[in-house]
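J.: I need the structure of the sequence given here:
(chains A and B)
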There are 2 protein chains.
Amino acid sequence: MGGDFGASPLVEGALWALKERDFSLVLIGNKTILDPLIPVDMANKVQIVHCEDFIAMDDGATAALKRKDSSIYLAMEMLKNKEVDAVVSAGHSGATMSLATLKIGRLKGISRPAICTLMPRIDGNKSLIIDAGANVDCKPENLFEFGIMGYEYAKWILKYPKVRIGLLANGEEECKGNENTKAAMEILRNHPSFIGNIEGNNIFDSSVEVVVCDGFVGNVVLKTSEGVADSIIHLLKQYIKSSLIGTFGALFMRGVFKKLKKQIDYAEYGGAPLLGIDGNVIICHGKSNAKAMKNAIFQAISTIENSINDKILSALQLHKMPTK
Amino acid sequence: MGGDFGASPLVEGALWALKERDFSLVLIGNKTILDPLIPVDMANKVQIVHCEDFIAMDDGATAALKRKDSSIYLAMEMLKNKEVDAVVSAGHSGATMSLATLKIGRLKGISRPAICTLMPRIDGNKSLIIDAGANVDCKPENLFEFGIMGYEYAKWILKYPKVRIGLLANGEEECKGNENTKAAMEILRNHPSFIGNIEGNNIFDSSVEVVVCDGFVGNVVLKTSEGVADSIIHLLKQYIKSSLIGTFGALFMRGVFKKLKKQIDYAEYGGAPLLGIDGNVIICHGKSNAKAMKNAIFQAISTIENSINDKILSALQLHKMPTK
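T.: You can find the predicted model right below:
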């Protein structure tokens, strides 16, 4: 209910997913808004759980913890009671995270759940940034756990045959990094797939699959990337418009631009899993369109089918942090 | 001497600058390498200070402090003795920073010198990131000083009629940020041009002129931006190549691509000033071409002509940090 464009594109995406795959869809929100969005021939395939309230984007995340009749609160309640296997939300991400952590609880051995976001790479694959915004101040141990979770997600959900973990820093050399990343490096070394420090450009150049950073840096990376891509496209459009011959040339490049858009469009990527909680939660962009929602639902199904949390628990046992 | 492509493009750029403007050019380095790079008709306009040694890119920055016959050591020595008014280097940036700080010393009231890098904006202007890599672990007071220095540079060197200072964080809202940026915000508030938190995309969308962050985050932003821009151009080229009709269209878009390249090409921006030391030092990209060197020299001349350090000293007096 709390997405930037209301329920309509999200329900559209959910119904789209339902047409392509078989699963039980539960929509949690205001029945009077949701009902008209569902075609008569689909009505028997969708369960609606009615609630009056929802968390708006400008509400505080902590307020959400008390609003028991809000859609996200009810969703987490149902996840906790095993009435659903996964929650997908395009609403207030802070509220979703807080409620998930408090209602569902953390996985044993994980001190901080983290958001894991996919980024486009030049080889057509994706790299994964963890944490993309859940934890602004992190300890080295948190970064180690992010590495573990990211690795398992890349291996089991993205099905990468080879997964390399890199630690985002201000230089590739081992001596680079801030106090926090330098301490994290000492722990991450114990993971056989850890390749050391990486730089911002390595996120895109296919030299790494999992990018470990704190949520402050992760968010800055995400927004910076969005900003650069938007600016280049804005400038291209502007230059094309201002040149007659450029406009002519652009007519023939529609296919090229379409391919580029597809490769860098977040909607192709679905949502961002919240890893480290004892349940499956996918957080979508507030501006998600139907396609993004459809892909996020497929992602949720994949995390269930592949029991990602069991994989993380086993990995934590295997790569125990060295005792101090 | 220590640039990635040797002395040749740098000397070419310096001579190019000399043709366009009147100043005294001193080249510091190996005479047997430099001499052949200078045409006979320019020889009387260039002073060469010979030295045998130079700091290679893979040398340690601290080693540079002892190598008294290296080109950067001699350059700093000459700056200290007022034999030159500014130093421009495309060599080892760590060595340049360390030597500048130790030989020349900090400006009174500045606890940490910082590198200030220009980024392209969609309106054709530039925003300025400070610190772009000199200080990985910063205190809130350092971030405050970065704001002051960046503001004065944007006002007096870039000649912006309006300068807004933003604090790079993981959200625009006042409650966003990590412990460090939250504390910095409390001090930066005292500057009348401070507009609060900004996000990564705001670096490019013309909503701010000065972007304050620590050098770890600043470096990640720089490298991420480079990575995104390179990837988009790589993908565009690849898609154009693989499509006959796209290749045809691209022929007519040469002008458009040229304009785009010019707008995002670092060489147009010259170098990055090291602010906060008691002298004028411009640090260039190791891969600088002749044009980048020419522009960096013009930048150095501008910092001298506009007495940027006096401006910073006055600003520190005006916007004194609130006493605790």
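J.: Now do A:Glu83 against B:Met97, distance only.
T.: 59 Å (C-beta to C-beta, to the nearest Å). (C-beta placed from N, C-alpha, C; glycine too.)
J.: Just the pLDDT for A:Lys324.
T.: Looking at A:Lys324, its pLDDT is 49.
J.: Which parts of the stretch 51-200 of chain A are strands?
T.: A:86-89, A:114-120, A:126-130, A:165-168, A:194-198 (DSSP state E, counting those that start in this stretch).
J.: which residues are in contact with stretch A:4-24?
T.: A:1, A:3, A:25, A:27, A:29-30, A:33-34, A:37-39, A:42, A:45-47, A:57, A:90, A:286-294, A:296-298, A:301 (C-beta atoms under 8 Å, 6 or more residues apart in numbering or on different chains).
J.: which ones are touching the nearest residue to A:Met1 once chain neighbours are set aside?
T.: Of all residues not flanking A:Met1 in the chain, A:Phe54 sits nearest, at 3.5 Å (C-beta to C-beta, 6 or more residues apart in numbering or on different chains). A:Phe54 sits next to A:Met1, A:Gly2, A:Gly29, A:Asn30, A:Ser70, A:Ser71, A:Ile72, A:Gly91 when contact means C-beta under 8 Å, 6+ apart.
J.: Let me see the backbone angles for A:Phe54.
T.: phi -150, psi 160 (degrees, to the nearest 10).
J.: which ones are touching the nearest residue to A:Val211 once chain neighbours are set aside?
T.: Excluding its sequence neighbours, the residue lying closest to A:Val211 (C-beta to C-beta, 6+ apart) is A:Ile129, at 4.7 Å. Shown in contact with A:Ile129 (C-beta under 8 Å, 6+ apart): A:Cys116, A:Thr117, A:Leu118, A:Met119, A:Ile203, A:Val211, A:Cys213, A:Gly218, A:Val221, A:Leu222.
J.: Mind naming the longest helix for chain A?
T.: Counting by DSSP state H, the longest helix found in chain A is helix A:215-241.
J.: Please work out which residues outside the next helix-or-strand element following that one touch it.
T.: Next in sequence after helix A:215-241, counting helices and strands by DSSP states H and E, comes helix A:244-251. Helix A:244-251 is contacted from outside by A:Tyr239, A:Ile240, A:Lys241, A:Phe257, B:Gly249, B:Ala250, B:Leu251, B:Phe252, B:Met253, B:Gly255, B:Val256, using C-beta under 8 Å, 6+ apart.
J.: So which of those residues wins on neighbours?
T.: The residue in those with the most neighbours, by other C-beta atoms under 10 Å in any protein chain shown, is B:Met253 (27 neighbours).
J.: Give me the residues contacting stretch A:38-50.
T.: With C-beta under 8 Å, 6+ apart as the criterion, stretch A:38-50 contacts A:11, A:14-15, A:18, A:24-31, A:34-35, A:74, A:78.
J.: Among the residues you listed, which lie within helices?
T.: Those of the contacts of stretch A:38-50 mapping onto helices are A:Val11, A:Ala14, A:Leu15, A:Leu18, A:Lys31, A:Leu34, A:Leu74, A:Met78, per DSSP H.
J.: Export these to TSV and append columns for neighbour count and pLDDT.
T.: Formatted as TSV, the ones in helices among the contacts of stretch A:38-50 follow (neighbours: other C-beta atoms under 10 Å in any protein chain shown; pLDDT from 0 to 100):
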residue	neighbour count	pLDDT
A:Val11	23	97
A:Ala14	23	97
A:Leu15	20	97
A:Leu18	17	96
A:Lys31	13	97
A:Leu34	21	97
A:Leu74	21	97
A:Met78	17	97
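J.: Specify which member of the residues you listed is nearest to chain B.
T.: A:Leu74 (26.0 Å; C-beta to the nearest C-beta).
J.: which ones are touching the closest one?
T.: Going by C-beta under 8 Å, 6+ apart, A:Leu74 touches A:Ile28, A:Val49, A:Cys51, A:Lys68.
J.: for A:Thr62, same thing?
T.: Contact partners of A:Thr62, counting by C-beta under 8 Å, 6+ apart, are A:Ser98.
J.: Would you list the phi and psi of it?
T.: Given degrees, to the nearest 10, the pair of backbone angles that A:Thr62 has is phi -70, psi -30.
J.: per-residue confidence at it?
T.: At A:Thr62, pLDDT is 82.
J.: Check A:Lys311 too.
T.: Value for A:Lys311, per-residue pLDDT: 97.
J.: list the buried ones in the helix or strand that contains it?
T.: Element membership for A:Lys311 (DSSP H and E) is helix A:308-318. Buried residues in helix A:308-318, counted by 16 or more other C-beta atoms under 10 Å in any protein chain shown: A:Ile308, A:Asn309, A:Lys311, A:Ile312, A:Leu313, A:Ala315, A:Leu316.
J.: Give me the residues contacting that helix.
T.: By C-beta under 8 Å, 6+ apart, helix A:308-318 touches A:107-110, A:145, A:148-149, A:151-153, A:155-157, A:273, A:275-276, A:278-280.
J.: cutoff 6 Å now
T.: With contact meaning C-beta atoms under 6 Å, 6 or more residues apart in numbering or on different chains, helix A:308-318 is reached by A:Leu107, A:Gly109, A:Ile148, A:Met149, A:Glu152, A:Trp156.
J.: tell me the pLDDT at the third one?
T.: Per-residue confidence for A:Ile148 comes out at a pLDDT of 97.
J.: That one and A:Ala114, how far apart?
T.: On the measure of C-beta to C-beta, A:Ile148 and A:Ala114 end up 10 Å apart.
J.: of those two, who's got more company?
T.: More neighbours surround A:Ala114 than the other of A:Ile148 and A:Ala114, with 32 against 26 (other C-beta under 10 Å).
J.: which parts of the stretch 101-250 of chain A sit against chain B?
T.: Contact residues (C-beta under 6 Å from any C-beta of the partner chain) of the stretch 101-250 of chain A with chain B: A:122, A:133, A:136-137, A:170, A:178-179, A:199-201, A:203-204, A:216-217, A:219-221, A:223-229, A:231-232, A:234-235, A:239-240, A:243, A:245-246, A:248-249.
J.: ok, whichever residue of the stretch 51-200 of chain A sits closest to chain B to A:Val211 distance?
T.: Residue of the stretch 51-200 of chain A nearest chain B, by C-beta to the nearest C-beta: A:Gly200 (3.1 Å). The span separating A:Gly200 from A:Val211 equals 9 Å under the rule C-beta to C-beta.
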